[in-house]
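Peer 1: pasting the sequence and the predicted model now:
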Amino acid sequence: MAKIIVKNSGPLEGTIRVSGAKNAILPILAATLLAEEKCYLEDIPLLKDVVVMSDVLRSLGAEVSQVTNGEMTIYTPEIKSNEAPYDLVQKMRASFYVLGPLLARTGVAKIPMPGGCAIGARPIDLHLKGFTALGAKIEFGHGFVEARAEKLIGASIYLDFPSVGATENIMMAAVLAEGTTIIENAAEEPEIIDLANFLNKIGANVKGAGTDTIRILGVKKLLGANHAPIPDRIEAGTYMIAVAAAGGNVLIENVVPSHLKPIIAKLKECGIDIAEEEDNIRVISDGNIKSVDITTLPYPGFPTDLQAQFMAMLTKSNGVSVVMETVFENRFMHVAELSRMGANIKIEGHSAVVQGKSNLEGAKVKATDLRAGAALIIAGLISEGSTEIVDTYHIDRGYYDIENKLTGIGVNITRVKKII
Ligand SMILES: CC(=O)N[C@H]1[C@@H](OP(=O)(O)OP(=O)(O)OC[C@H]2O[C@@H](n3ccc(=O)[nH]c3=O)[C@H](O)[C@@H]2O)O[C@H](CO)[C@@H](O)[C@@H]1O
Ligand SMILES: C=C(OP(=O)(O)O)C(=O)O
């Protein structure tokens, strides 16, 4: 069985470079379906999710190159199929993002229901509410959702929750609709701005991305563009937490510090020194962590995608910390695995109470989801002995070349490939 082995490490030293953001790249890849000319993307890490999304696009008729030196081209002169295959969609929820662009470009999209996953039920009602408001008819059957519209017409859409995926999917449907669409209570994540920038480069008219009100004036046709996604703020935050936990002095390169405000603020509260430069962040830690409470929230609140990693670090803090998860209803799967390593964490509804001063011990553990896997790597580097993490495919969805990147700053980490 493939596994990642992490041993007690630190102090960490050196530099580590962050890749392009998975959560920006996936919707942008979906958005290339809207473009009638070639799109060139740069700084694309060869993540598992990028490979799956490339296959989804190919299944719909796109010519998608391999990722070479971080570059790829996508060309979709015509859509050849309106149906995304179940085998691909069940591998990755973000494949549902092709619904908006397919519907906009051809008037028909048939996508398997994405279903729930380890972190929650993750319904798609807000996506569908948006498509319906734009004039699409939605039908369900045989595990698929089918959306049809002779013509999409701009509308005002209020999202009951600022869902990242719904905001993106609706934006992509609205760019070719007739007239103006207004999305209110829209998600404000930096990845939404990046998608809007890409859409505007291919000829769309999207304004207000990054605020809670996005205005989209539909255009007739979209062309091609060059684009490099924003750096991955979650990957950057993961490395910042790793250095804070293990101790050391590390320069994290290719970041937008303003995207990391909540994590910088919380790490400073923990007593960590952080120096921000234009596109780098230096983290200096003696390994001592003050206990703090965190609450996950939509951007600019503390990101749910860093909750598990932060919790792993808090196991060695000097007191009691409360971690409240408000974005997903079941994002504490890592607690059971951290407990196997000796952590003392009690779940009380949407909160986890973390007793600090736990001396973690290396153990055999399972990455139950992507960020849980990252949390276990952090737990491994502050544990006594050796930690073996299985189900590493979750980690490869979102962290490119993680063992080499972390080895470069002194983490004792190796990967054992599957032995058949
Ligand atoms: C590929 C990608 O970008 N993934 C990110 C995206 O996921 P994703 O776009 O799935 O997350 P959402 O913002 O949509 O979900 C947030 C909450 O809204 C709920 N909801 C969402 C849609 C809907 O139609 N109805 C509904 O109730 C979800 O169940 C969840 O409880 O944002 C999350 C929240 O920052 C991140 O953790 C994910 O890493
Ligand atoms: C939950 C995540 O991703 P996805 O929405 O692709 O499952 C994540 O990146 O932590």
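Peer 2: Done, it's in. Residues are numbered from 1 along each chain as shown. Ligands and ions are numbered 1, 2, ... in the order given.

Peer 1: okay, CA-based contacts and neighbour counts for the rest of this
Peer 2: OK.

Peer 1: residue 343 - how many residues pack around it?
Peer 2: By the criterion of other Cα atoms under 10 Å, residue 343 has 24 neighbours.

Peer 1: hmm, stretch 201-214 touching ligand 1?
Peer 2: No - Stretch 201-214 stays clear of ligand 1 (Cα under 6 Å from any ligand atom), getting no nearer than 13.3 Å.

Peer 1: what residues does that stretch touch?
Peer 2: 35, 175-176, 182-190, 192-193, 196, 199-200, 215-219, 221-226 (Cα atoms under 8 Å, 6 or more residues apart in numbering).

Peer 1: dump the residue contacts of the residue sitting furthest away from the middle of the chain.
Peer 2: For the chain, the largest distance from the centre (Cα atoms, centre = their mean) belongs to residue 150, which lies 33.1 Å off. Contact analysis of residue 150 by Cα under 8 Å, 6+ apart lists residue 107.

Peer 1: gap between residue 99 and ligand 2?
Peer 2: Taking Cα to the nearest ligand atom, to the nearest Å as the measure, residue 99 falls 16 Å from ligand 2.

Peer 1: again but with residue 287, I slipped
Peer 2: Using Cα to the nearest ligand atom, one obtains 25 Å as the distance from residue 287 to ligand 2.

Peer 1: the residue nearest to residue 28 when sequence neighbours are not counted in helix, strand or coil?
Peer 2: Leaving out its chain neighbours, the residue that sits closest to residue 28 by Cα to Cα, 6 or more residues apart in numbering is residue 195, at 5.8 Å. Secondary structure, DSSP: H, G, I helix; E, B strand; the rest coil: residue 195 is helix.

Peer 1: shouldn't residue 195 be in contact with residue 26?
Peer 2: No - contact criterion Cα atoms under 8 Å: residue 195 and residue 26 do not qualify, at 9.5 Å.

Peer 1: intersection of neighbour lists for these two?
Peer 2: With the criterion set as Cα under 8 Å, 6+ apart, the contacts of residue 195 and residue 26 do not overlap.

Peer 1: returning to what we had before: how about the residue farthest from the centre of the chain, secondary structure?
Peer 2: Taken by three-state DSSP, the conformation at residue 150 corresponds to coil.

Peer 1: then residue 31?
Peer 2: Using three-state DSSP, the structure places residue 31 in helix.

Peer 1: poorly predicted segments of the stretch 251-400 of the chain, please.
Peer 2: For the stretch 251-400 of the chain, no stretch is flagged by pLDDT under 70.

Peer 1: let's go with 90 and repeat that
Peer 2: Scanning the stretch 251-400 of the chain for pLDDT under 90 picks out the ranges 330, 357-358.

Peer 1: what about residue 123, how many neighbours?
Peer 2: 12.

Peer 1: in a strand, that's where it is, yeah?
Peer 2: No - with three-state DSSP as the criterion, residue 123 is coil rather than part of a strand.

Peer 1: any idea how far residue 188 is from whatever residue of the stretch 251-400 of the chain ends up closest to ligand 2?
Peer 2: Relative to ligand 2, the nearest point of the stretch 251-400 of the chain is residue 305 (4.6 Å; Cα to the nearest ligand atom). For residue 305, the distance to residue 188 (Cα to Cα, to the nearest Å) stands at 15 Å.
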